[in-house]
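>>> Below: sequence and its predicted model.
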Protein chains: 2
Amino acid sequence: MQSVSFARRAAHLSTTMPAAAPSRNISFDSGHASPAVLPDLTGEAESALDHYRSETLQYAPRAGLPALRTWIAEYMRADGADISADSILVTNGAKHAIELVCRVLIDEGDSVVVTRPTYFSAIPIIKSFGARFIEVTQDENGLDVAELGSLLERMTQEHTPLPKFIYNVPDFHNPTGVTMPLERRRALVDLAVKYQVFLVEDTPYRKVRFEGESVPSLKSLDRDDVVFQLGTFSKLMAPGLRVGWAAGPPALLARMAALKTDAGSCPLTQRLIIEFCTAGKLAEHTERVQATYRSNRDHMVAAMQRDLPEISMQVPNGGYYLWLTLPQTMDGDALTSAANDEGVTIIAGSKFFARTDVPQPKNHVRVAFSHATHDEIDTGIRRLAVAYAKLREKSRMEAGVLAGASN
Amino acid sequence: MQSVSFARRAAHLSTTMPAAAPSRNISFDSGHASPAVLPDLTGEAESALDHYRSETLQYAPRAGLPALRTWIAEYMRADGADISADSILVTNGAKHAIELVCRVLIDEGDSVVVTRPTYFSAIPIIKSFGARFIEVTQDENGLDVAELGSLLERMTQEHTPLPKFIYNVPDFHNPTGVTMPLERRRALVDLAVKYQVFLVEDTPYRKVRFEGESVPSLKSLDRDDVVFQLGTFSKLMAPGLRVGWAAGPPALLARMAALKTDAGSCPLTQRLIIEFCTAGKLAEHTERVQATYRSNRDHMVAAMQRDLPEISMQVPNGGYYLWLTLPQTMDGDALTSAANDEGVTIIAGSKFFARTDVPQPKNHVRVAFSHATHDEIDTGIRRLAVAYAKLREKSRMEAGVLAGASN
């Protein structure tokens, strides 16, 4: 008998080609950038395609252009991590880095720790390698490290194979917006070292901070090379560039590089980024991104408080999203569907829970404030409020019918 | 016990990060483009990053930009294939398409048919999914379809699970340069239909033809959707763009799209290609590419005949490579190493044989004429001739020592 493997795991996947046409709805669903902060890269492109033509139009080294790896290492050193270019692998975005980490670490049947809830795009990637999810509670300070510690201790005592890695988004968590304080981070890295379990620190929103001080990254607290830090240029420069990276143990990065079937990430987009960043434009642009999304967050929070005071949230200090907590009786899937009918797309909270075999909270939705204009935010939240009111009315009527029926 | 899976299969991979620094040797090894035919894309880039900024700097649809899928479908229709945009999935180069085909078709322990020899970069990709290789002879007309037919018939009678797909490069095969004639192609497609085995037709060099008439593609002969045709812009426009495609059954392409962890291939490079191609520049550029590589081939063939008449070859009508057949007593690995010492890099023929558990021909090397200038070709072939002469002298001396020792 054949072992269960890739093709079978892929068999459940969508058999409909993803839609190509953009929706006319106001989009609060995706993590697209605000059009207002998409940089002008025409000068960089001219230089890349003229002066660097033989670099940008030939195959690039699999690990990435040396100049970009060097720049990323410096960027991370400025952020407190003790990293050299040898510890950087350039990827086609951070999700590609998650895939490559899975390919070198996961054997079928292994377990992976994620927060409850977790980043929804990481779920199918990890799942596609046949891993089981272990969910750990997330509270207002992020991953519950005490719970994780008890879990790892119990697994050790019971001789259960330990998880292959712990996946987490410690800064402006997607979807909840929560940032882990320093003490929890230290405790998390200590646990990883103690039990020799890798930490995968996904940091797309780390610099998209609106207020308060940056907290040291897990990688900067790592003296034992147990942390893979995943980064991306998607959230600061532009998603369309498709350039991210993994910083981690060089021996494992080399295996990941050997598995890159892109024959090296695109050198043209790498060179655009090098030109932009080495000219010092990223720092200034980051401030513009922060100001734009801070203003969008404030506008959306105000709109929510005005039009949907029944819905609660923890206002995040950065990132792209609001994680909304609905009244216990309201279903996030139903609200998402009703919102779509009213002309605003959001994402149901159910998509952010990795395990489908246990009961999960149903009363959440995620709304992105990154992409929309202030006017669109006002209109979109009004539409969401209409959907909410209709759904509440519908459930009241159903309750009334039931009550009537029982008389 | 855990089933053997990804991480274990990845464990044998290189633990050294691939070198980033370019070699000072003359390079006949890689399939790089001639710098002389790298197009000027600065105008396309300005348009892409200015006029199309919101498209090129945001996430793109996973299946690819609709305009590119449409253009590729038209390009393939002009080449005789009955294809619509729905049957096109844009990938990060053709190797990425091989990976995605493997992910949806291969379960661990499945078999895949390849020619003996076959494209060396396809081998580790297919192997990384746990497939076994079945090698079929390749003669001067390509894959031996009669041998394949007997094999499939025998497997059917013995109730052995059939191969998941047949991988082939029917036009200017890599490494041999062989092109399959029409009758063999028809017979191959008929076999695939009869036994319901997918054909993966890899076509990077299809348009890099120097003389003679194009032979219909396998896809153009396919009425039953058994063929995945893989294409790329690497060999006609530029490798650095990292854009290729798979044309095949839409339901399987949709699963492949769902497995793309790049969140959609880079829209910037896709738009550059759309602008270049829809302006009608590709046809003209293709002629330039053909003329340049025809001239390079002629120059290298002449240099070989002048400096290395002992080495035989079948002169190809297209593509990037010469496949050299050394005298039976000479080892291709040893020549590759000796050539490297003399300052010219080539690829040992042994790398192009998928099975390592059976005896394989040792007396081949592949040399690329695509990248070098005429002067570099002259110098490189002279260096190869020096390496060849030294190696022959060394083996004669060893034979003499042995002969002396036996006296």
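Nice, thanks for sending it over. Residues are numbered from 1 along each chain as shown, chains lettered A, B, ... in the order given.
>>> show me where chain A has helices.
Remark: helices assigned in chain A by DSSP state H are A:6-10, A:42-50, A:53-56, A:66-78, A:94-105, A:122-127, A:145-157, A:182-195, A:250-258, A:267-278, A:281-307, A:332-342, A:374-406.
>>> Okay, buried residues for the last one please.
I take that to be helix A:374-406. A:376-388, A:391-392 (16 or more other CB atoms under 10 Å in any protein chain shown). (Glycine included, C-beta is placed from N, CA and C.)
>>> List just the nearest of the residues you listed to chain B.
Distances from chain B to the buried residues of helix A:374-406, taken as CB to the nearest CB, are shortest for A:Glu376 (14.2 Å).
>>> just checking, that closest one touches A:Ile26?
Yes - with contact defined as CB atoms under 8 Å, A:Glu376 reaches A:Ile26; the gap is 5.0 Å.
>>> Quick check: the two most widely separated of the buried residues of helix A:374-406?
Using CB to CB, the two most remote members of the buried residues of helix A:374-406 are A:Glu376 and A:Arg392, lying 24.1 Å apart.
>>> give me every residue that touches A:Pro267.
Shown in contact with A:Pro267 (CB atoms under 8 Å, 6 or more residues apart in numbering or on different chains): A:55-60, A:65, B:240.
>>> right, and the pair among the residues you listed with maximum separation?
Spanning the widest gap among the contacts of A:Pro267 are A:Leu57 and A:Leu65, at 13.0 Å by CB to CB.
>>> Just put the contacts of A:Pro267 in JSON lines and tack on distance to A:Pro163.
Output for those, formatted as JSON lines (distance: CB to CB, whole Å):
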{"residue": "A:Glu55", "distance to A:Pro163": "40"}
{"residue": "A:Thr56", "distance to A:Pro163": "40"}
{"residue": "A:Leu57", "distance to A:Pro163": "43"}
{"residue": "A:Gln58", "distance to A:Pro163": "41"}
{"residue": "A:Tyr59", "distance to A:Pro163": "36"}
{"residue": "A:Ala60", "distance to A:Pro163": "34"}
{"residue": "A:Leu65", "distance to A:Pro163": "34"}
{"residue": "B:Gly240", "distance to A:Pro163": "39"}
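>>> so how far is chain B from A:Ile166?
Separation of A:Ile166 from chain B (CB to the nearest CB, to the nearest Å) stands at 16 Å.
>>> Contacts only, for A:Asp156.
No, residue A:156 isn't Asp; it's Thr. Contacts of A:Thr156 by CB under 8 Å, 6+ apart are A:162, A:195.
>>> what do you get for A:Val301?
Contacts here follow CB under 8 Å, 6+ apart; on that basis A:Val301 touches A:313, A:315, A:322.
>>> correct me, but the last one touches A:Asp298?
So that's A:Leu322. No - using CB under 8 Å, A:Leu322 and A:Asp298 do not qualify as a contacting pair, with a distance of 11.3 Å.
>>> okay, now A:Arg69: neighbour count?
Other residues lying near A:Arg69 total 24 when counted by other CB atoms under 10 Å in any protein chain shown.
>>> Ignore what I typed, I meant A:Leu188.
By other CB under 10 Å, neighbour count at A:Leu188 equals 24.
>>> Setting aside sequence neighbours, what's the nearest residue to it?
Of all residues not flanking A:Leu188 in the chain, A:Val145 sits nearest, at 5.1 Å (CB to CB, 6 or more residues apart in numbering or on different chains).
>>> for chain A, what are the low-confidence residue spans?
A:1-6, A:8-23, A:402-407 (pLDDT under 70).
>>> The lengthiest strand in it vs helix A:145-157, what angle?
The residue-count maximum for a strand in chain A (DSSP state E) belongs to strand A:132-139. Angle, strand A:132-139 to helix A:145-157, by axes from the mean of the first three to the mean of the last three CA atoms, to 10 degrees: 150 degrees.
>>> Tell me which other helices or strands strand A:132-139 touches.
Contacts defined by 3 or more CB pairs under 8 Å, 6 or more residues apart in numbering or on different chains; DSSP states H and E place strand A:132-139 against strand A:111-116, helix A:122-127, helix A:145-157.
>>> Can you show me the CA trace of that strand as PDB?
Coordinates of each C-alpha in strand A:132-139 appear next as PDB, following Å, rounded to 0.1, in the frame of the first residue of the first chain:
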ATOM      1  CA  ARG A 132      -1.100  18.000  12.600                       C
ATOM      2  CA  PHE A 133      -1.900  21.300  14.400                       C
ATOM      3  CA  ILE A 134      -1.500  21.900  18.100                       C
ATOM      4  CA  GLU A 135      -3.300  25.100  19.000                       C
ATOM      5  CA  VAL A 136      -2.200  27.200  21.900                       C
ATOM      6  CA  THR A 137      -4.300  29.900  23.400                       C
ATOM      7  CA  GLN A 138      -3.700  33.500  22.500                       C
ATOM      8  CA  ASP A 139      -4.600  36.200  24.900                       C
END
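>>> What residues does the closest residue to A:Tyr195 other than its chain neighbours make contact with?
Spatial nearest neighbour of A:Tyr195, excluding adjacent residues (CB to CB, 6+ apart): A:Leu152 at 4.7 Å. With contact set as CB under 8 Å, 6+ apart, A:Leu152 has these partners: A:162-163, A:191, A:194-195, A:197.
>>> can you redo these as JSON lines with distance to A:Leu268 and neighbour count?
JSON lines is the format used below for these (distance: CB to CB, whole Å; neighbours: other CB atoms under 10 Å in any protein chain shown):
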{"residue": "A:Leu162", "distance to A:Leu268": "41", "neighbour count": "16"}
{"residue": "A:Pro163", "distance to A:Leu268": "38", "neighbour count": "25"}
{"residue": "A:Leu191", "distance to A:Leu268": "41", "neighbour count": "20"}
{"residue": "A:Lys194", "distance to A:Leu268": "44", "neighbour count": "13"}
{"residue": "A:Tyr195", "distance to A:Leu268": "42", "neighbour count": "18"}
{"residue": "A:Val197", "distance to A:Leu268": "38", "neighbour count": "19"}
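>>> Need the max-distance pair from the residues you listed.
Pairwise over these, using CB to CB, the maximum falls at A:Pro163 and A:Lys194, 13.4 Å.
>>> Count the residues that sit near the residue of the stretch 301-407 of chain A found nearest chain B.
Residue of the stretch 301-407 of chain A nearest chain B, by CB to the nearest CB: A:His371 (8.6 Å). By other CB under 10 Å, 21 other residues sit near A:His371.
>>> A:Ser47 now?
Neighbourhood size, A:Ser47 [other CB under 10 Å]: 18.
>>> Pull up the residues of the stretch 51-200 of chain A that are close to chain B.
Residues of the stretch 51-200 of chain A found near chain B (CB under 8 Å from any CB of the partner chain) are A:53-63, A:65-66, A:69, A:86, A:89, A:92-93, A:95-96, A:98-99, A:102-110, A:121, A:124-125, A:128-130, A:164.
>>> from those residues, which would you call buried?
Taking 16+ other CB under 10 Å as the criterion, what is buried in these is A:53, A:55-63, A:65-66, A:69, A:89, A:92-93, A:95-96, A:98-99, A:102-108, A:110, A:121, A:125, A:128-130, A:164.
>>> Following the record's annotation, map out the domains of chain A.
Chain A resolves into domains spanning A:23-35+A:283-395, A:40-279 when parsed by automatic domain parsing.
>>> In a markdown table: those domains, plus distance to B:Ser234.
Converted to a markdown table, the domains of chain A look like this (distance: least, CB to CB, whole Å):
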| stretch | distance to B:Ser234 |
| --- | --- |
| domain A:23-35+A:283-395 | 29 |
| domain A:40-279 | 8 |
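>>> A:Val169 is in contact with A:Val200, isn't it?
No - using CB under 8 Å, A:Val169 is not in contact with A:Val200; the gap is 9.6 Å.
>>> what about these two, which has more around it?
Neighbours per residue (other CB under 10 Å) separate A:Val169 from A:Val200, with A:Val169 holding more: 30 against 27.
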